[in-house]
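Colleague: Build the 3D model from these lines:
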Amino acid sequence: MIKEIYTAAMGMLPQQTKLEVTANNIANASTPGFKRESVFERNLIDARANFYNVQGDAEQNDPPIGSYTDFAQGGFTKTDNPLDIAIDNKNGFFVLQDEQGHEYLTKSGKFRITTEGLVVTSDDKMLMGTNGPINLQNALTNSKGDYEESNKINLVITQNGEIQLNQASLGNLRIVEVNNLQSLERVSNSCFITTDGTDFRNLDKEEISIKQGWIEGSNVNVIKEMVEMIEVQRMFELGSKVIHTNNETLEISLRMSKFY
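Modeller: Numbers count the residues shown, from 1 in each chain. Predicted coordinates for the structure are as follows:
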């Protein structure tokens, strides 16, 4: 009977993980560049082996479950904002850098200009060009610093990633292509970092395809995620009922086995 309770519990833990992943996907359905997470289950025999080899209660690492990121391209939405940029390449990523010099890869091409002239994300990570962080300081010398409040900026990003400000070239966007996408490690809803096994390279100008004034949206299908969430909830409830029934049966057995 204890075995049945453990088996049901092992079935519930993956369902709980699926529920959390699905909920996060739905929450980020409108996040630019978000890539949905998926969950897969490994062989239940592995889980049984874990129970025999690991002392004490089952840990979070024991359930036969794993996750992976679906890097399918999201839909493109036209915004006409010069600071909205999309990469027309499934394996292509923008390169960002934080104040500590750490680099990140992202599909989210929604940027803004700081008072210092840096092109940054909503969390202040700097957009990188081939020569370092992109800086438009010269164009903001006599403005209030806000892109929307300055009508003296004519920012153009060509299809091959060249940055032109008031018809003067400032260099090129740094776009990298990752060959083994599953080697990337997610660090936020829209940012990834490379690992030791990541195979990537900087794209040449001729290989880059940029859409200025467009944004790549999330690749989450809300209807599909909602259907999956309902199925997961039902499976979780089924496991809960199995545990409850076995627990009641166990209590009855214990009462009947007592000697007075």
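
Colleague: got the phi/psi numbers for the residue positioned nearest the centre of the chain?
Modeller: For the chain, the residue nearest the mean C-alpha position is Asn189 (4.2 Å; Cα atoms, centre = their mean). The phi and psi torsions at Asn189 (degrees, to the nearest 10) take the values phi -60, psi -30.

Colleague: ok, now how distant is it from Leu19?
Modeller: Distance, Asn189 to Leu19, using Cβ to Cβ, to the nearest Å: 18 Å. (Glycine included, C-beta is placed from N, CA and C.)

Colleague: same check, this time on Leu83
Modeller: Leu83 sits 36 Å away from Leu19, going by Cβ to Cβ.

Colleague: swap in Asp98?
Modeller: 32 Å.

Colleague: And for Asn89?
Modeller: 33 Å.

Colleague: What of Arg36?
Modeller: Separation of Arg36 from Leu19 (Cβ to Cβ) stands at 14 Å.

Colleague: more crowded one of these two?
Modeller: Arg36 (22 against 17; other Cβ atoms under 10 Å).

Colleague: I figured that one hits Asp70, correct?
Modeller: Yes. With contact defined as Cβ atoms under 8 Å, Arg36 and Asp70 form a contacting pair (4.8 Å).

Colleague: quick one, helices of the stretch 1-150 of the chain?
Modeller: All helices of the stretch 1-150 of the chain, identified by DSSP state H, counting those that start in this stretch, fall at 2-27, 44-53.

Colleague: tell me, which of these is the model least confident about?
Modeller: Per-stretch mean pLDDT for the helices of the stretch 1-150 of the chain is lowest at helix 44-53 (a mean of 51).

Colleague: How about the contacts made by the residue nearest to the centre of the chain?
Modeller: Counting by Cβ atoms under 8 Å, 6 or more residues apart in numbering, Asn189 makes contact with Asn28, Thr31, Phe34.

Colleague: Report whether the expected contact of the second one with Ser218 is present.
Modeller: Yes. Between Thr31 and Ser218 there is a contact under Cβ under 8 Å: 5.4 Å.

Colleague: These two: which has the busier surroundings?
Modeller: It is Ser218, of Thr31 and Ser218, that has more neighbours when counted by other Cβ under 10 Å, with 23 against 18.

Colleague: excluding its backbone neighbours, what's nearest the more buried one?
Modeller: Leaving aside its chain neighbours, Ser218 sits nearest to Phe34 (4.0 Å; criterion: Cβ to Cβ, 6 or more residues apart in numbering).

Colleague: And Val222, how far from Thr121?
Modeller: On the measure of Cβ to Cβ, Val222 and Thr121 end up 24 Å apart.

Colleague: which residues touch Ser122?
Modeller: When contacts are counted by Cβ under 8 Å, 6+ apart, Ser122 touches Lys110, Arg112.

Colleague: what's the answer for Gly109, then?
Modeller: For Gly109, the contact set (Cβ under 8 Å, 6+ apart) comprises Pro32, Gly33, Asp84, Ile85, Ala86, Ile87, Phe94, Trp214, Ile215, Glu216.

Colleague: which among those residues gets closest to Leu155?
Modeller: Of all the contacts of Gly109, the one with the least separation from Leu155 (Cβ to Cβ) is Ile85, at 10.4 Å.

Colleague: Now for that closest one, how many residues are close by?
Modeller: For Ile85, the neighbour count with other Cβ under 10 Å is 23.

Colleague: Could you find the closest non-adjacent residue to it?
Modeller: Once flanking residues are discounted, Ile85 sits nearest to Gly109: 3.8 Å by Cβ to Cβ, 6+ apart.

Colleague: Alpha carbons of stretch 25-41, in PDB - could you do that?
Modeller: What follows is stretch 25-41, C-alpha atoms only, in PDB (Å, rounded to 0.1, in the frame of the first residue of the first chain):
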ATOM      1  CA  ASN A  25       4.100  30.200 -20.500                       C
ATOM      2  CA  ILE A  26       0.600  31.800 -20.300                       C
ATOM      3  CA  ALA A  27       1.900  34.600 -18.100                       C
ATOM      4  CA  ASN A  28       4.500  35.500 -20.800                       C
ATOM      5  CA  ALA A  29       2.200  35.100 -23.800                       C
ATOM      6  CA  SER A  30       2.600  38.800 -24.500                       C
ATOM      7  CA  THR A  31       6.300  39.100 -23.600                       C
ATOM      8  CA  PRO A  32       8.400  40.000 -26.700                       C
ATOM      9  CA  GLY A  33      10.800  37.300 -27.700                       C
ATOM     10  CA  PHE A  34       9.700  34.800 -25.000                       C
ATOM     11  CA  LYS A  35      10.300  31.200 -25.800                       C
ATOM     12  CA  ARG A  36       7.900  28.700 -24.200                       C
ATOM     13  CA  GLU A  37       9.100  25.900 -22.000                       C
ATOM     14  CA  SER A  38       8.000  22.300 -22.500                       C
ATOM     15  CA  VAL A  39       8.200  19.300 -20.100                       C
ATOM     16  CA  PHE A  40       8.900  15.700 -20.900                       C
ATOM     17  CA  GLU A  41       8.900  12.600 -18.700                       C
END
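
Colleague: Fine by me, thanks again.
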